[in-house]
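**Student:** sequence isn't available, so here's the structure alone:
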């Protein structure tokens, strides 16, 4: 049975850019594409108009979906595309739709009928509510990092290694035929900050640890060229700096079974706010 990639679609340029990215990724995976529009009714006060009925909104949503399907089929004539219009709160509804998908793709703003700040509360809540990998795409540029020279960059946590994160990153690099850059930010204890010998030893140990974590994945994906980047500094900043020209950035988030508020971790949060490339957030225990 063919899997599918799901993308949330609304009237924003960001969501259409996400749909184009999702279509290309689905084609690489040999998967189908599902476009989902979440109808939030009654409309939020910020966009509600007294003359717009629920039926008017549904007609508009169907036209939106049909228009996107036409555009995507022209770009990807062999891709199987379906649509779904559903109702509810956008974050919860999209999380439900992601449950049986290989991947959920979202625009960087406007994940419903409300246009919010970059990666606002709806997007964060959606990511926190699903264990399916989520890719967040900005509106600029339709190539979406799928060019042959655009590397995949993955943030590696040596303290709590996450197999799902590395599996996703290596899989994407293999499908794209590109280099994988594995980044780990490390810090020298304050008491050793002025010791050249301590720094050199810490660099050697960190490089060895990073190599050990990546070795099984190198063996599983021998076609993927890997660049190991242990970088002295904060993990979030190291990842953002290394991802300046990336085609895709992959980060992990720890699954929280009873969160009081949506929380995805500071590294993932920094990547989504500061990386210009699409960012994949992969949940792991």
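**Tutor:** Okay, I see it. This one's a predicted model, so the numbers in the text were calculated from it and none came from an experiment.

**Student:** just the strands in this protein please.
**Tutor:** 4-8, 32-39, 81-87, 103-107, 134-137, 152-155, 180-186, 226-232, 248-254, 279-284 (DSSP state E).

**Student:** from residue 165, how far out is residue 4?
**Tutor:** 22 Å (C-beta to C-beta, to the nearest Å). C-beta here means a position set from N, CA and C on the backbone, and glycine is covered the same way.

**Student:** those two: which is more packed in?
**Tutor:** residue 165 (23 against 19; other C-beta atoms under 10 Å).

**Student:** and residue 132, how close does it get to residue 103?
**Tutor:** Taken as C-beta to C-beta, the span from residue 132 to residue 103 is 7 Å.

**Student:** please say which of these two ends up with more neighbours.
**Tutor:** Between residue 132 and residue 103, counted using other C-beta under 10 Å, the more crowded position is residue 103 (23 against 20).

**Student:** what residues are up against the more buried one?
**Tutor:** 5, 6, 22, 25, 29, 132, 133, 134, 135 (C-beta atoms under 8 Å, 6 or more residues apart in numbering).

**Student:** make CSV from these and add pLDDT and distance to residue 69 to it.
**Tutor:** Formatted as CSV, those follow (pLDDT from 0 to 100; distance: C-beta to C-beta, whole Å):
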residue, pLDDT, distance to residue 69
5, 97, 14
6, 97, 14
22, 96, 12
25, 95, 17
29, 94, 19
132, 95, 22
133, 96, 24
134, 95, 22
135, 95, 20
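
**Student:** filter these down to the buried ones, ChimeraX style.
**Tutor:** Only the buried entries of the contacts of residue 103 go into this ChimeraX selection, using 16 or more other C-beta atoms under 10 Å:
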select :5,6,22,25,29,132,133,134,135
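
**Student:** state the pair within the contacts of residue 103 that is farthest apart.
**Tutor:** 29 and 134 (15.4 Å; C-beta to C-beta).

**Student:** surely residue 236 and residue 267 touch.
**Tutor:** Yes. Counting by C-beta atoms under 8 Å, residue 267 is a contact partner of residue 236 at 4.7 Å.

**Student:** okay, residue 261: pLDDT?
**Tutor:** Looking at residue 261, its pLDDT is 50.

**Student:** also residue 97?
**Tutor:** Residue 97 is given a pLDDT of 93.

**Student:** shaky segments in the stretch 51-200 of the chain?
**Tutor:** Low-confidence segments of the stretch 51-200 of the chain (pLDDT under 70): 51-52, 109-121, 140-149, 189-194.

**Student:** could you rerun that using 90?
**Tutor:** 51-61, 87-92, 108-129, 138-150, 158-162, 185-200 (pLDDT under 90).

**Student:** can you count the residues close to the closest residue to residue 241 other than its chain neighbours?
**Tutor:** Among residues not flanking residue 241 along the chain, residue 231 sits closest, at 7.6 Å (C-beta to C-beta, 6 or more residues apart in numbering). For residue 231, the count of nearby residues is 16 (other C-beta under 10 Å).
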